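*Asks:* generate a structure from the sequence data that follows.
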Amino acid sequence: MNQEKSFISLPIGVLVVSDTRTEADDVSGLTLVECLTASGHRLHQKTIVPDNIYQIRTVVSNWIASDDVRVIIITGGTGVTGRDGTPEAVLPLLDKVLDGFGETFRMLSYKDILTSTIQSRAIAGVANGTYIFCLPGSANACRTAWEYIIKDQLDSRTKPCNLVQLMPRLTEK
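*Replies:* Numbers count the residues shown, from 1 in each chain. The predicted structure is shown next:
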């Protein structure tokens with residue numbers, strides 16, 4: 001019997017990494033919240049931390065350990081200048097890296113920013129059954145990643161496969 005799968009709404013944490021952004025002027029985090037809620041997912045929490053690997057790791061580690069978070073999307077700190085340290089903060093926490101995410105993101109970004117895409121250190125992976133996506137800090141980059149990669153991979157109906165069907169800790173809440 002071929003039954004169509006139903007959509008599963010996931011709790012998602014959004015972490016904004018920035019030394020300058022506040023809730024009053026954070027466009028990228030707000031863009032991600034709008035995208036995920038418009039797609040039917042639930043915001044667990046949105047937090048802003050400075051570009052400090054230990055503060056990033058603290059938030060990410062707590063969300064990884066929580067049964068209340070299934071996905072973490074981080075925006076900011078993925079460049080090559082200043083204190084950009086999101087990949088260095090997150091990589092040691094990952095059980096597995098999803099190399100295809102960064103490759104696909106840079107391929108898609110090339111259409112808009114040409115060779116400047118080599119400066120992006122966007123990464124993704126999984127830790128304790130929680131999927132983590134690290135995106136550049138621009139709202140356009142967040143929108144590109146969501147619309148062309150993340151949205152479909154977080155939709156249980158996407159064929160031939162999606163990340164939702166691989167979430168070992170998934171329980172509908």
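*Asks:* where does pLDDT dip in the chain?
*Replies:* For the chain, the stretches with pLDDT under 70 are 1-3, 169-173.
*Asks:* longest helix of it, counting residues only.
*Replies:* helix 99-113 (DSSP state H).
*Asks:* show me what the one helix or strand residue 60 maps to is packed against.
*Replies:* Using DSSP states H and E, the element containing residue 60 is helix 53-65. Contact partners of helix 53-65 among helices and strands, from 3 or more Cβ pairs under 8 Å, 6 or more residues apart in numbering; DSSP states H and E: strand 11-17, strand 42-49, strand 71-75, helix 86-90, strand 130-135. (Each C-beta comes from the backbone N, C-alpha and C, glycine too.)
*Asks:* can you pull the buried residues of it?
*Replies:* Neighbour counts over helix 53-65 (16 or more other Cβ atoms under 10 Å) mark 53, 56, 57, 59, 60, 63, 64 as buried.
*Asks:* C-terminal to the longest helix of the chain, what's the next element?
*Replies:* Next along from helix 99-113, by DSSP H and E: strand 123-127.
*Asks:* that following strand pairs with which strands, and in what direction?
*Replies:* strand 96-97 (antiparallel), strand 130-135 (antiparallel) (DSSP bridges).
*Asks:* so how far is it off the chain centroid?
*Replies:* Relative to its parent chain, strand 123-127 has a centroid offset of 9 Å by Cα atoms, centre = their mean, to the nearest Å.
*Asks:* could you dump it to CSV, C-alpha only?
*Replies:* Output in CSV follows, covering the C-alpha atoms of strand 123-127 (Å, rounded to 0.1, in the frame of the first residue of the first chain):
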residue,chain,number,x,y,z
ILE,A,123,28.7,23.9,6.6
ALA,A,124,26.1,21.4,7.9
GLY,A,125,26.1,18.2,9.9
VAL,A,126,24.4,16.2,12.6
ALA,A,127,25.0,15.9,16.3
